[in-house]
Every structure is written in C-alpha cells, then in structure tokens.
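**Student:** curious how this folds, go ahead:
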Amino acid sequence: MTEEQQSADRTVRVVIVDDHAIFRSGLKADLRDGIDVVGEAGNVDDAVAVVTRKEPDVVLLDVHLPGGAGGGGREVINRCAAQLNRVRFLALSVSDAASDVVSVIRAGARGYVTKSISGTEISSAVHRVAGGDAVFSPRLAGFVLDAFGTSVEDIADDELDRLSARELEVMRLIARGYSYKEVAKELFISIKTVETHVSAVLRKLQLSNRYELSRWAAERRLL
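**Tutor:** I've put the predicted structure just below:
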C-alpha cells in the first residue's frame with residue numbers, strides 16, 4: 001500500500017492558517033470526512049506557535065499573512081523548518097502570481113491551490129499532500145513546471161525578496177491599474193495603508209511612479 005493510500009485510510013490532522021476568521025470557518029465546514037482540524041491561526045506568529053505545538057499532518061496556509069517579519073506564508077514555513085519532515089504545507093491563496101507560487105514552493109510547501117477550489121477538491125488535495133504527493137490547481141500546474149526552469153526564480157531571489165508579502169500583493173494590483181481605493185477594498189485595508197505600501201515598493205525597487213512600476217512588472221511577467 002502506498003503512502004497516499006495509507007493517508008486516505010486514516011484521519012488527517014490539519015491546521016488552517018488564514019487571516020480571515022470567516023474564511024477559516026467556511027473552509028473548516030467544507031473539509032470532508034477523514035480530516036480533523038486541530039488548530040487555527042490568523043497571523044504568522046500564531047501560526048508558528050500552533051504548528052509547533054500541534055504538529056499536524058498538513059497545514060493549509062494562506063500565502064499573505066500579517067505579523068512576523070512580513071514574510072507571510074513563506075515565513076511560517078521557514079520558521080517551522082524543524083517540523084518539515086513531519087508537517088506538510090499546502091499553500092492556499094487568491095493569488096496565482098508567479099512570485100507567490102515560486103516563493104512558497106522554494107520555502108518547502110508541497111502544493112499550491114487557489115481559493116476558488118471546491119470543498120471536495122480541497123479535501124482531496126489535503127489527503128494527497130498528507131500522502132506525499134505534490135498538488136497544484138490545474139491552471140497552475142503548467143506554470144509550475146515552467147517556472148522552475150526559467151529566470152522567474154532568479155527574479156524572486158534578487159528583486160522580489162526585497163518586498164514583503166503584502167507589498168508584493170499591493171504592487172501587482174497597482175501595476176494592473178487598480179486605484180488606491182480599489183486596492184484597499186480588494187485587500188480589506190485602508191487607503192492610507194495602501195499609500196504606505198506603494199511608497200515602500202517604489203523606494204525598494206528604485207522606481208519613481210506607478211507607471212514605471214507597471215512597466216517593471218510587465219517586463220518580469222508578474223501581472
């Protein structure tokens with residue numbers, strides 16, 4: 001019997017990490033039989049604490065999280081490195097951007113699925129990851145195969161690593177033409193916070209305005 005088959009025959013212990021309590025509740029309700037949610041967290045520090053304490057089989061991990069040093073899901077994985085042999089991380093995000101996928105997979109996540117996934121699909125993904133498989137949303141599978149053989153990884157190393165997870169999220173929306181008000185509504189933050197993030201992004205990337213930012217992002221296929 002394979003490791004994946006064994007995982008399907010036993011209860012998989014899961015921790016859900018997402019900064020929106022309503023989403024955590026909905027996800028918990030969607031998870032099917034054979035999955036036991038043993039903990040939840042809404043920020044980086046709490047996530048590290050509960051994963052270290054509970055040592056679940058799988059962590060459903062949002063890519064963009066508040067707290068810690070600003071590294072989001074990637075920071076959680078890095079800080080739980082001692083548990084990586086026992087705990088498997090499945091990234092769960094609204095984003096399908098190259099930088100997000102490459103970042104968390106490089107950190108040690110075993111898969112990456114978008115939040116448009118159904119309850120049945122996410123339950124299957126949890127069992128598969130617990131069994132040692134790598135799982136990606138269908139729309140990301142081809143990208144993942146391509147990304148690790150291209151310069152995208154180098155971009156993440158050199159330029160994108162200057163930005164926090166939230167700054168990356170704001171950067172992409174601004175580069176796509178969103179107004180500050182639209183970004184604030186999309187990310188559930190204030191317009192003032194958006195302005196602060198944009199200023200930080202421009203400073204770190206040594207750009208002068210949002211038009212240069214859009215061109216910078218387009219050249220790197222980050223839109």
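**Student:** buried set for stretch 97-113?
**Tutor:** For stretch 97-113, the neighbour count (16 or more other Cβ atoms under 10 Å) marks 97-105, 107, 109-113 as buried. Yep, even glycine has a C-beta here, placed from its N, CA and C like the rest.
**Student:** list the contacts for the closest residue to residue 99 other than its chain neighbours?
**Tutor:** Sequence neighbours aside, residue 160 is the residue nearest to residue 99 in space, at 4.9 Å (criterion: Cβ to Cβ, 6 or more residues apart in numbering). Contact analysis of residue 160 by Cβ atoms under 8 Å, 6 or more residues apart in numbering lists 99, 103, 168.
**Student:** among these, name the ones in helices.
**Tutor:** 99, 103, 168 (DSSP state H).
**Student:** so where's this structure shaky on pLDDT?
**Tutor:** Filtered on pLDDT under 70, the chain yields the residue ranges 1-9, 98, 138-158, 219-223.
**Student:** could you pull out the strands in it for me?
**Tutor:** Listed in chain order, the strands found in the chain under DSSP state E are 12-17, 35-41, 58-62, 88-93, 111-114, 135-136.
**Student:** okay if I get those as CSV plus distance to residue 80?
**Tutor:** Shown next, in CSV, are the strands of the chain (distance: least, Cβ to Cβ, whole Å):
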stretch, distance to residue 80
strand 12-17, 10
strand 35-41, 11
strand 58-62, 8
strand 88-93, 8
strand 111-114, 16
strand 135-136, 19
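**Student:** so which of the ones you listed is nearest residue 193?
**Tutor:** strand 58-62 (18.1 Å; Cβ to Cβ).
**Student:** taking strand 35-41 as reference, get the angle to that closest one.
**Tutor:** Using axes from the mean of the first three to the mean of the last three Cα atoms, to 10 degrees, the direction of strand 58-62 lies 50 degrees away from that of strand 35-41.
**Student:** quick one, phi/psi of the spatially most central residue of the chain?
**Tutor:** Compute the mean C-alpha point of the chain, and by Cα atoms, centre = their mean the closest residue is residue 63, 2.0 Å away. Dihedral angles of residue 63 (phi, psi; degrees, to the nearest 10) stand at phi -70, psi -40.
**Student:** quick one, what contacts the residue nearest to it when sequence neighbours are not counted?
**Tutor:** Of all residues not flanking residue 63 in the chain, residue 93 sits nearest, at 4.0 Å (Cβ to Cβ, 6+ apart). Neighbouring residues of residue 93 by Cβ under 8 Å, 6+ apart: 62, 63, 64, 73, 100, 112, 114, 115.
**Student:** how close does the nearest residue to the fifth one once chain neighbours are set aside get to residue 114?
**Tutor:** Nearest residue to residue 100, sequence neighbours excluded (Cβ to Cβ, 6+ apart): residue 63, at 5.1 Å. Remark: distance between residue 63 and residue 114 (Cβ to Cβ, to the nearest Å) = 10 Å.
**Student:** common neighbours of those two, please.
**Tutor:** 92, 93, 95.
**Student:** distance of the first one relative to residue 63?
**Tutor:** Using Cβ to Cβ, residue 92 is found at 8 Å from residue 63.
**Student:** next one: the last one
**Tutor:** Applying Cβ to Cβ, one obtains 6 Å for the distance of residue 95 from residue 63.
**Student:** related to what we said a few turns ago, what's across from the residue nearest to residue 63 in the sheet?
**Tutor:** Per DSSP bridges, the residues bridged to residue 93 are residue 114.
**Student:** show me what contacts residue 91?
**Tutor:** 61, 62, 63, 73, 100, 101, 104, 105, 109, 111, 112, 113 are the contacts of residue 91 under Cβ under 8 Å, 6+ apart.
**Student:** I am finished for the moment; much appreciated.
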